[in-house]
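*Asks:* next comes the sequence, and after it the predicted model I'd like to discuss.
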Amino acid sequence: TQLLEQSPQFLSIQEGENLTVYCNSSSVFSSLQWYRQEPGEGPVLLVTVVTGGEVKKLKRLTFQFGDARKDSSLHITAAQPGDTGLYLCAGAGDGGSNYKLTFGKGTLLTVNP
Amino acid sequence: GAGVSQSPRYKVAKRGQDVALRCDPISGHVSLFWYQQALGQGPEFLTYFQNEAQLDKSGLPSDRFFAERPEGSVSTLKIQRTQQEDSAVYLCASSPRTEAFFGQGTRLTVV
């Protein structure tokens, strides 16, 4: 069974601060996706990383996939209240089960004005 | 619409009642998934369709859960004889290849 551990589980910061969310596993994933989910809504895809060591930037968000494709991080620079939400990482299985996403429990981020 | 549509958004069922949850995927998306999200948790995989074929149902919690996609488009997740532990948000997602696009979910509360 593939498991993804996310940390921290909760994060409350002030507007303008930087933060990093971590996603770790003992399993190798063919790709890893980051989602943001707001209350009462479904997860919305932010980015997909595929190659070990890959770094992707989306405005103030920087995503990194570990060299061994077992872990990932999300860094937000100068957080804004609009960044508030549940951030979920999800790994796609290696090999024949690459359609199936294994989600972490999420990091609930609150950015206070 | 352009996105994945789920109905109803909210469902309250009495224990023992049968429920049916509907998913309209994005047009042309071959793959369709159902996930279950308990409060404070990430989504957990239930089942996967490629067109009308159910290729993986390993995540369905019990034989009370049944999913179908008879024409390769709309899908229905049916739960028979609902139990309190079935209370959760049921998310449907469709995908053209590997990236999943989720609907808003159906929040099921069993009382």
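*Replies:* Yep, that arrived. Numbering: from 1, shown residues only, chains lettered A, B, ... in the order given.
*Asks:* up against chain B, what does chain A have?
*Replies:* Applying CB under 8 Å from any CB of the partner chain, we find that chain A lies next to chain B at A:4, A:6, A:31, A:33, A:35, A:40-45, A:48, A:88, A:90, A:92, A:97-106. All C-beta atoms are positioned from the backbone trio N, CA, C, and that covers glycine.
*Asks:* just the buried ones among those residues, please.
*Replies:* A:4, A:6, A:31, A:33, A:35, A:41-43, A:45, A:48, A:88, A:90, A:92, A:97, A:99-106 (16 or more other CB atoms under 10 Å in any protein chain shown).
*Asks:* circling back: which ones among the residues of chain A next to chain B are found in strands?
*Replies:* Counting by DSSP state E, these place A:6, A:31, A:33, A:35, A:44-45, A:48, A:88, A:90, A:92, A:101-103 in strands.
*Asks:* list the contacts for the spatially most central residue of chain B?
*Replies:* Centroid-nearest residue in chain B: residue B:34, 3.8 Å away (criterion: CA atoms, centre = their mean). Taking CB atoms under 8 Å, 6 or more residues apart in numbering or on different chains, we find residue B:34 in contact with B:23, B:46-47, B:67, B:75, B:77, B:90-93.
*Asks:* can you tell me how far it is from chain A?
*Replies:* Distance of residue B:34 to chain A, computed by CB to the nearest CB, to the nearest Å: 12 Å.
*Asks:* that residue - that's part of a helix, no?
*Replies:* No - counting by DSSP: H, G, I helix; E, B strand; the rest coil, residue B:34 is not part of a helix but strand.
*Asks:* name the nearest residue to residue A:51, ignoring sequence neighbours.
*Replies:* Spatial nearest neighbour of residue A:51, excluding adjacent residues (CB to CB, 6 or more residues apart in numbering or on different chains): residue A:65 at 6.7 Å.
*Asks:* quick check, the one you found in contact with residue A:33.
*Replies:* No - using CB atoms under 8 Å, residue A:65 is not in contact with residue A:33; the gap is 10.4 Å.
*Asks:* can you list residues touching both of the two?
*Replies:* residue A:49.
*Asks:* rewinding a little: which two among the ones in strands among the residues of chain A next to chain B are spaced furthest apart?
*Replies:* Among these, the pair separated by the greatest distance (CB to CB) is A:44 and A:102, at 18.3 Å.
*Asks:* residue A:71: neighbour count?
*Replies:* The local packing of residue A:71 (other CB atoms under 10 Å in any protein chain shown) involves 20 other residues.
*Asks:* please name the bridge partners of the nearest residue to it once chain neighbours are set aside.
*Replies:* Nearest residue to residue A:71 in three dimensions, chain neighbours excluded: residue A:24, at 4.5 Å (CB to CB, 6+ apart). Here residue A:24 sits in beta bridges with residue A:5, residue A:71, going by DSSP bridges.
*Asks:* so residue B:93 bridges to which residues?
*Replies:* residue B:33, residue B:102.
*Asks:* surely it is in contact with residue B:102?
*Replies:* Yes - with contact defined as CB under 8 Å, residue B:93 counts as touching residue B:102 (4.5 Å).
*Asks:* between these two, which contacts overlap?
*Replies:* With contacts taken as CB under 8 Å, 6+ apart, the residues that reach both residue B:93 and residue B:102 are A:42, B:4, B:35.
*Asks:* quick one: residues contacting the second one.
*Replies:* Right, residue B:4. Contacts here follow CB under 8 Å, 6+ apart; on that basis residue B:4 touches A:42, B:23-26, B:92-94, B:101-103.
*Asks:* out of those, the closest to residue A:15 would be?
*Replies:* Each of the contacts of residue B:4 was checked against residue A:15 using CB to CB; the closest is residue A:42, at 26.4 Å.
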